[in-house]
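Undergrad: Got a predicted structure plus its sequence, pasted below:
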Amino acid sequence: MKKKSYLGFVGVMVAALLGLALPSQSQALTFVGTRAGILQNDFTDWSQLGPSFTIVASGSTALSNLGLSVTFSQPGGSNFERFDQGNPWTGNFTPGDHLLWNGDHSSNITNITLQFGAGLFAVGTQIQTDIIGPFTGTIEAFDSLNTSLGLFTLGGNSTLNPDNSAIFMGVSDTIADIFKVTYTTDNGGFAINELAMNTAGNVPLPGTLVLLGSGLVAWPG
């Protein structure tokens with residue numbers, strides 16, 4: 001037990017120094033910090049919900065490019081709104097990006113839940129809060145029984161620069177057991193852009209996490 005705890009501590013310290021997101025517990029699930037890392041073969045473009053400023057009800061469903069259903073919701077059933085980067089969203093996405101915004105909730109912790117019509121190997125998107133300044137993003141994944149597969153957190157900084165610097169938060173697994181993900185931020189409402197999805201498999205473990213090996217797997221306790 002002492003050896004496991006020590007390895008876990010070393011893994012956390014190395015990951016922290018490298019700026020990596022950390023898992024809440026030992027899981028097969030891994031964090032993906034880039035869109036390329038999803039190895040996507042499918043995607044969901046939010047422009048299908050209407051032009052910028054379109055109000056969209058919580059619990060609505062969009063379709064991926066390959067026809068997979070993606071149902072999006074948030075606590076309390078508050079409406080979403082479709083925005084584009086630059087019209088009117090003035091933030092860190094690429095100009096013209098089609099966004100889904102969960103509404104301005106001031107400084108309350110908010111989330112977006114995405115439920116998929118089939119299990120995914122990997123999924124992710126960029127996120128940015130509507131309040132300028134630092135924030136912490138969280139992504140948690142669930143299987144078909146609504147059992148948590150694990151969660152990761154990552155720090156971001158919301159600015160007015162349309163430079164594609166919005167943080168990317170994704171997850172991958174070795175089997176297609178990701179049926180739902182929930183994104184949460186701790187500083188206001190937030191928007192997400194195009195959803196990258198992998199339904200085909202062959203998602204490699206992030207190289208840095210593999211190098212950390214047992215340091216991350218041997219979580220204390």
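TA: It's in. Values in this document were obtained by computation on a predicted structure and should not be read as measured data.
Undergrad: who are the neighbours in contact with Ile139?
TA: Ile139 is in contact with 31, 124, 151-152, 169-171, 181-184, counting by C-beta atoms under 8 Å, 6 or more residues apart in numbering. C-beta: built from backbone N, CA, C; applies to glycine.
Undergrad: Phi and psi next, for it.
TA: Backbone dihedrals for Ile139, given as degrees, to the nearest 10, come out at phi -130, psi 130.
Undergrad: and stretch 32-45, what's its mean pLDDT?
TA: When the per-residue pLDDT values of stretch 32-45 are averaged, the result is 98.
Undergrad: Please apply the same query to stretch 137-152.
TA: For stretch 137-152, mean pLDDT is 97.
Undergrad: now do stretch 96-105
TA: Averaged across stretch 96-105, pLDDT comes to 90.
Undergrad: Export only the CA atoms of it, formatted as PDB.
TA: Once side chains and other backbone atoms are set aside, the C-alpha atoms of stretch 96-105 remain, and they are given as PDB (Å, rounded to 0.1, in the frame of the first residue of the first chain):
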ATOM      1  CA  GLY A  96     -16.800  31.600 -37.700                       C
ATOM      2  CA  ASP A  97     -16.900  28.600 -35.400                       C
ATOM      3  CA  HIS A  98     -20.500  27.400 -34.700                       C
ATOM      4  CA  LEU A  99     -21.100  27.400 -31.000                       C
ATOM      5  CA  LEU A 100     -23.600  26.100 -28.500                       C
ATOM      6  CA  TRP A 101     -23.900  28.300 -25.400                       C
ATOM      7  CA  ASN A 102     -25.600  27.200 -22.200                       C
ATOM      8  CA  GLY A 103     -26.600  30.800 -21.100                       C
ATOM      9  CA  ASP A 104     -25.100  33.400 -18.800                       C
ATOM     10  CA  HIS A 105     -25.300  32.000 -15.300                       C
END
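Undergrad: And that stretch, what's buried?
TA: Neighbour counts using 16 or more other C-beta atoms under 10 Å place 97-103, 105 of stretch 96-105 among the buried residues.
Undergrad: Report the buried residues of the helix or strand Thr182 falls within.
TA: According to DSSP states H and E, Thr182 maps onto strand 178-185. Of the residues in strand 178-185, 178-185 count as buried by neighbour count, 16+ other C-beta under 10 Å.
Undergrad: Now for the residues you listed: which two are most distant?
TA: Of all pairs drawn from the buried residues of strand 178-185, the one with the largest separation by C-beta to C-beta is Phe179 and Thr185; the distance is 22.1 Å.
Undergrad: is it true that Phe152 lies in a strand?
TA: Yes. The assignment for Phe152 (DSSP: H, G, I helix; E, B strand; the rest coil) places it in a strand.
Undergrad: That one against Ile167, yeah?
TA: No. Taking contact to mean C-beta atoms under 8 Å, the distance of 11.5 Å between Phe152 and Ile167 leaves them out of contact.
Undergrad: So for these two, which residue has more residues nearby?
TA: Applying other C-beta atoms under 10 Å to Phe152 and Ile167 shows that Phe152 carries more neighbours, namely 23 against 18.
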